[in-house]
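Asks: Whatever this is, show me its structure:
(one chain, ligands or ions: 1)
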Amino acid sequence: MEKDIATNQTILVIGGGIAGISAALEAAECGRQVILAERNALLGGRTLQLYRYFPKMCHPTCGLEINLRRIKANRNLRVLTMTEVVGVSGRRGSYRVKMKIHPRHVNEKCTACGECASAVSSEIPNRLDYGLGKTRAAYLPHAMAYPMRYVIDPSIVGTEEGRRAKEACRVGAVDLEMKEETIEIEAGSVIWATGWKPYDASKIQPYGYGRLANVITSVEFERLADPAGPSGGRLVRPSDGKEAKNVAFIQCAGSRDENHLRHCSRICCMASLKQTRYVSEASDAKSTVYYIDIRAIDRFEDFYRKVQEDPSVNFVKSKVASISLDESSGDLILNGVDTEGYHRYANRHDLVVLAVGMEPELGMDLPEDVVTDSSGFIEGGYAAGAASSPLDVNRSVQSATSAALFAISDIHRISATEDAS
Ligand SMILES: Cc1cc2nc3c(=O)[nH]c(=O)nc-3n(C[C@H](O)[C@H](O)[C@H](O)COP(=O)(O)OP(=O)(O)OC[C@H]3O[C@@H](n4cnc5c(N)ncnc54)[C@H](O)[C@@H]3O)c2cc1C
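Replies: Numbering: from 1, shown residues only. All right, here's what the predicted structure looks like:
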């Protein structure tokens, strides 16, 4: 890749989730030169891994489609995928940015015909499905991927399978010689849209994630519900593939807890309320939500009220103390105290979904002018979306617009100073 792709009048957006896409578009549509760097093979971030999103219950691809059209129409915006920002130094007006470009082994000639995938039989864990399912080692990351281009996994490069994938491509798009590259660019302003990651549920010892097969996380449940996901949209339990009929949702799994994440992840209540809808729509199954308090503010309260009216959804005000396994059935017994009646319970469920907290995803040292709060979220105007705090999609887009304005005014100031001197 040519090294002079940016100047001190370029805005760099780190992260191509909904927040990064929105910030990049806002700035580019105002006439600024923007680079959007995304470490994955496609844009969309974690929103693309949701089945549907509240409050309207629409599919994430609806919102994405409009943005992709805007991206294709904008010449000021350069999108770099498989490009991980690994270091940013300097200060506003003159940042130095180090980026690692991971090889896709497929170039821009790709027509997404899928012949390379047909020629390959080895499989790798499907990252989109949080590893719940598998995909071929030559794969299209998503049916609506941007860029619409296959990826050849490094595990088959240098093997007979890799050679077959290359031979199968009739347009010469498979390039097994691509190597990882590190480049350095400059940027006048940086927008941090690095998003979030789910809290590691195996650290919450009493809930047995990783040990009890039928305890899964809320992000995994999104993939189960999706017809394009690992179970074809069937809400089945991992231990035996049986349809789940009695699902427990445990709130604040890792959030608002001194031993784990001190902050409230805010989204989890709404995410679980939404997921009870997946359960009631899919079958004659029922849901029970174990909660400390439900945080559904503003217009989300209507959504909460509707779920409360659903006879298939039960609410228990309690922090579940422990989960044990009934070996004969694979069912799980949830133990705790219902704080409304102050009685102990030992409730049986066939699937447990942990509403895991959201942690900031920031795997690098920050320049001096970027500050984080005690939970690691970035403070100030240059953070967009969940990099700034646990935000839903709507609020992520709002914060992205605001970050774009900060960055635009930086560049405006730089060019005004340079014009004057
Ligand atoms: C279980 C669950 C369900 C949810 N359901 C809903 C819902 O129904 N409705 C709703 O509004 N919200 C929902 N949310 C919240 C929603 O997922 C977030 O609002 C959204 O993902 C925030 O987008 P983002 O762009 O800020 O972050 P992300 O989606 O995390 O995107 C960040 C991007 O940055 C990239 N990145 C990170 N570091 C680097 C780097 N160093 N270099 C390059 N790229 C990098 C990542 O690969 C990623 O693509 C849910 C959350 C959870 C936990």
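Asks: Run a quick neighbour tally on residue 122.
Replies: 14 (other Cβ atoms under 10 Å). In short, each C-beta sits where N, CA and C put it, glycine included.
Asks: cool, residue 226 as well?
Replies: 21.
Asks: Ramachandran coordinates for it?
Replies: phi -80, psi 120 (degrees, to the nearest 10).
Asks: Repeat that for residue 249.
Replies: Dihedral angles for residue 249 - degrees, to the nearest 10 - are phi -110, psi 120.
Asks: And it, what's its pLDDT?
Replies: Residue 249 carries a pLDDT score of 98 in this model.
Asks: That one pairs with what?
Replies: residue 289, residue 353 (DSSP bridges).
Asks: Surely it and residue 275 touch.
Replies: Yes - at 6.5 Å, residue 249 counts as touching residue 275 under the criterion of Cβ atoms under 8 Å.
Asks: With neighbour numbers in mind, choose between the two.
Replies: More neighbours surround residue 249 than the other of residue 249 and residue 275, with 28 against 24 (other Cβ under 10 Å).
Asks: contacting residues for residue 40?
Replies: Taking Cβ atoms under 8 Å, 6 or more residues apart in numbering, we find residue 40 in contact with 16, 81, 82, 127, 141.
Asks: Please, which helix or strand holds it?
Replies: Using DSSP states H and E, residue 40 sits within no helix or strand.
Asks: Tell me the pLDDT of it.
Replies: So residue 40 comes in at 98 (pLDDT).
Asks: Residue 95 falls within a strand, correct?
Replies: Yes - per DSSP: H, G, I helix; E, B strand; the rest coil, residue 95 lies within a strand segment.
Asks: near the ligand, which residues of the stretch 201-350 of the chain show up?
Replies: Counting by Cβ under 6 Å from any ligand atom, the stretch 201-350 of the chain comes close to the ligand at 218, 219, 222, 267, 271, 274.
Asks: Reformat the residues you listed as CSV; add secondary structure.
Replies: As requested, these are exported to CSV (three-state DSSP):
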residue, secondary structure
218, helix
219, helix
222, helix
267, helix
271, helix
274, helix
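Asks: And those residues, which two are furthest apart?
Replies: The span of these, defined through Cβ to Cβ, is set by 219 and 274 at 12.7 Å.
Asks: what's the longest helix along the chain packed up against?
Replies: In terms of residue count, the longest helix belonging to the chain (DSSP state H) is helix 393-420. Counting by 3 or more Cβ pairs under 8 Å, 6 or more residues apart in numbering; DSSP states H and E, the packing neighbours recorded for helix 393-420 are strand 10-14, helix 18-29, strand 189-192.
Asks: I'd like to know which of the ones you listed is closest to residue 316.
Replies: That would be helix 18-29 among these, by Cβ to Cβ, at 32.9 Å.
Asks: Run through the residues that contact the residue of the stretch 101-250 of the chain found nearest the ligand.
Replies: Proximity of the stretch 101-250 of the chain to the ligand (Cβ to the nearest ligand atom) peaks at residue 195, 2.1 Å away. By Cβ under 8 Å, 6+ apart, the contact set of residue 195 is 15, 17, 19, 20, 45, 46, 360, 361, 385, 386, 387.
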